[in-house]
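K.L.:
build me a structure from this.
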Amino acid sequence: MNQGGRAVIFGNVLERTVETILQVHGYTEICRDLPKKRRREWLVYSKECLKRYAKQVYIGSGIYGTDIYVDFYIFDTVSIPAGLIVECKWQQSGGSVDEKLPYLNLNIQTCYPAPAVVLIDGEGMKKGAIAWLTKQVSSNPNLLAVHNLASFMIWANNHL
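P.N.:
Numbering: from 1, shown residues only. All right, here's what the predicted structure looks like:
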């Protein structure tokens, strides 16, 4: 399997871990069978259940005018009633994810309809990439935090 294929598999493992954390905290996935572009509408307005989330939710156009899909869109959090977006980034070895962080930050700042948390792990980032993104929290009002997996679990235990 090539490096890109492995990256997708390992990224999926991180997303499944987040999903397990959400479920442990009583969240229920909704919208699974809806087309991706309809998930946000249903998620926002549905009162099907409290503590709900959807995966791969279309939130609109990004800074380049292309479609944006977020990894998780969560509603009915204890501390963030307006909704929360969780973006997962895994980089196990050298690659391009860290080069995409400024794009992600600007999209979060200007295009995201709810606050966001970025979960970034894998120890394959360029030196300084995670520190740079973490510094953006103070200047980007929509970027609430940048976590590795361990700190995300602690954060989730206190906020979800």
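
K.L.:
mind checking which helix or strand residue 134 is in?
P.N.:
Under DSSP states H and E, the secondary-structure element containing residue 134 is helix 129-135.

K.L.:
and what of residue 107?
P.N.:
Residue 107 is located in helix 101-110, with elements delineated by DSSP H and E.

K.L.:
quick check: buried residues in that helix?
P.N.:
Neighbour-count burial for helix 101-110, counted by 16 or more other Cβ atoms under 10 Å, picks out 101, 104-105, 107-109. Every residue, glycine included, has its C-beta placed from N, CA and C.

K.L.:
send me the helix or strand just after that helix as CSV with only the CA atoms.
P.N.:
Note on helix 101-110: by DSSP H and E, the next helix or strand toward the C-terminus is strand 116-121. Taking Å, rounded to 0.1, in the frame of the first residue of the first chain, the C-alpha atoms of strand 116-121 are listed here in CSV:
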residue,chain,number,x,y,z
ALA,A,116,-14.0,24.6,16.0
VAL,A,117,-11.5,22.3,17.8
VAL,A,118,-8.6,20.8,15.8
LEU,A,119,-7.3,17.4,16.9
ILE,A,120,-3.9,16.9,15.4
ASP,A,121,-1.6,14.1,16.1
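
K.L.:
got the phi/psi numbers for the residue nearest in space to the middle of the chain?
P.N.:
The residue at the geometric middle of the chain, judged as the C-alpha nearest the mean C-alpha position with Cα atoms, centre = their mean, is residue 87 (1.6 Å). Backbone torsions of residue 87, given as degrees, to the nearest 10, read phi -110, psi 130.
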